Structures are given as C-alpha cells and as structure tokens.
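Undergrad: Quick one, fold the following:
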Amino acid sequence: MVRANPAGARRPYVLDGVRRHTIPLREHQRLRWNASMTHDGSADHLERNRRFWDDEASAWHGPLARDHWAQAEPTWGLWATPESRVSVLPDGIDGMRTLELGCGTAYVSAWLARAGAHPVGIDLSEKQLATARAMQAEFGIGFPLVLGNAEEVPYKDNTFGLAISEYGASLWCDPYRWIPEAARLLVPGGRLVFMRYSPLFALCLSSAGSVSTALSREQFGLARLHRGNHVQFVLPHGEMLRLLRSCGFVVEDLVEIQAPQPAHRNYSEVSADWARQWPSEEIWKARLAG
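TA: Just a heads-up that it's a prediction; the model follows:
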C-alpha cells in the first residue's frame, strides 16, 4: 500500500514480501536505478538471453528482416496488426530522436527513420545487429546501432523523445531495470511505447511451451518465465502499472490485441484461434510526466 508522503520523499511499498522504495521523477533524471530493484537481484538473464539469440534465435529471425524492412506500413506483433489500427507511433515523429530498446534487426527503427525520426537501436546480440547492418546497406537507411544492454544504455539523460520496444527489452529485459532506464533517457513529456506477451498468455503457457485453456501458473509472483535456455519477463498488469507510475510515467493506453480472422499464420506457442478468444499480446503507451 502506498501512503501519502512529503513531496520528494521516497515512497515505501511492499512487493514480493520485500520493502522497496520508488524514486521521484526528478531523482530518476539524475541517478541510475538501483540494480537491486528486481525480484531476485540476479542479472544472469542478460548472458543467457545473449547466448540464446546469438546461438539460436537469430537464425530464425534473420530471414524475416528483409520483409519487415520493406513494409510500406508498420505492422506489429505476432498478428501483424497494422499501424492504422493501433497507432503505436505518436504524432510528431518527424525530427524526433528515438531509441529502440532491444532492436533486433532494427526494422522498427527503419520505419521510424522513414517517418523522419532520428533513431538509435540497441541490442546485445551481435548476430542480430549484423543482420540490421546488412539491411541498412541494402535499403540505404542509416542510423546508429549499439551493441549493448537496454538496462544500461550509454546515452545521457533526457536524450530521446520516444523509447520503443516490440518484444525487445519489453520481453527479454528485467522491467525493474529497463523501464527506469527508459525514464532516465527520455525528455520530459517523452513517450514510452512497448509491446509484449499478455499476462494471460504467460499464465496459460504450459511446460510444453504452448498456451492452453487452463492456467499453468500462479499470477502472484509472476515475473520471470524460465523457458529452457532463456528468460522472459511478463509482469501482471497491476505491478506493471505501479512500476510505470513509480518511474514518473502517465499511462495513456493499454491495447489488448485480438488475432484477426483469418490470421496469416499460427505459432507453436499460440494459435490464432486461442488469440481470437483471449489476448496473447498487448501494447502499452505511456508519457513521462513533466
């Protein structure tokens, strides 16, 4: 429970049985988030996920990059939801400095560049960034690509007008690290937009790696999904809302995506039929106060 407090004081609350403190926005703009502000204090997910992407997943996703880069209209997520339906990109992109957190092959940054933005992409997979550089050369679109960790970005405070992640940092990084980092990097009034699996997807994900119509885990304590040799993060809605607010964000929208009929494909982890009945993915839109 959060109680009223003097302006600028740290507000204590209890999460997973641990007493924690939120940090007012103006402190976020001066200080990095304490790395202990996570569920178990471990950062082993970074190396595990880097190895997974460099050793395995880049081989699956690399061949998709060209089609993504070539799209005239952005489409989002598993079900290729068109930008015209969900308005992921805020108004006023032209001339804006943007940051894609966990950019992979950087097609989102390419879309932003075509819209007139000045994007930067960061990812910790060398192979994903190699594909991104090949696409830059092929399509004639250049912007900085940084090999690094979205939980600790080598840019100054108040640098970007938009931070965005489509299944990048939003799924593969600890939200108690990357969201405060996004707050540090954004200018006052800057936008944070991210897409991820829904909590319901995570709750129904079986040990076999696919969703069912039964709950497979408890919601309380849901945060990390240990999926073999990699780790994903899905906070429940209430916990995500409190985290965003504690970092100085005002949540403006939460869009739960329904798979279309007909869908362009199914996935081993979720079918279009399941995702037409329950949301498998969602988009959060937030603005940094100030």
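
Undergrad: longest strand anywhere in this structure?
TA: For the chain, the strand that runs over the most residues, judged by DSSP state E, is strand 186-197.

Undergrad: For the chain, which segments count as strands?
TA: In the chain, the segments counted as strands under DSSP E are 11-15, 18-22, 75-76, 81-82, 97-101, 118-123, 145-147, 160-166, 186-197, 224-227, 230-233, 249-257, 281-288.

Undergrad: now for those strands, which one comes closest to residue 43?
TA: strand 230-233 (10.4 Å; CB to CB). Any C-beta I mention is one placed from the backbone N, CA and C, and that applies to glycine too.

Undergrad: Can you list the strands that the closest one pairs with?
TA: strand 224-227 (antiparallel) (DSSP bridges).

Undergrad: Report the rounded mean pLDDT for the partner strand.
TA: Averaging pLDDT along strand 224-227 gives 89.

Undergrad: so where's the protein shaky on pLDDT?
TA: 1-42 (pLDDT under 70).

Undergrad: Would you map the helices across it?
TA: Ranges of helices in the chain, per DSSP state H, are 25-28, 44-52, 58-61, 65-70, 83-86, 107-114, 126-139, 169-172, 175-185, 199-204, 237-246, 272-277.

Undergrad: looking at these, which is closest to residue 101?
TA: Distance to residue 101, taken as CB to CB, is lowest for helix 169-172 among the helices of the chain, at 3.8 Å.

Undergrad: Give the full set of residues in contact with residue 216.
TA: The contact partners of residue 216, taken as CB atoms under 8 Å, 6 or more residues apart in numbering, are 203-207.

Undergrad: Could I get the phi/psi values of it?
TA: Torsion angles at residue 216 (phi, psi; degrees, to the nearest 10) stand at phi -110, psi -10.

Undergrad: Chain neighbours aside, what residue packs nearest to it?
TA: Leaving aside its chain neighbours, residue 216 sits nearest to residue 206 (5.0 Å; criterion: CB to CB, 6 or more residues apart in numbering).
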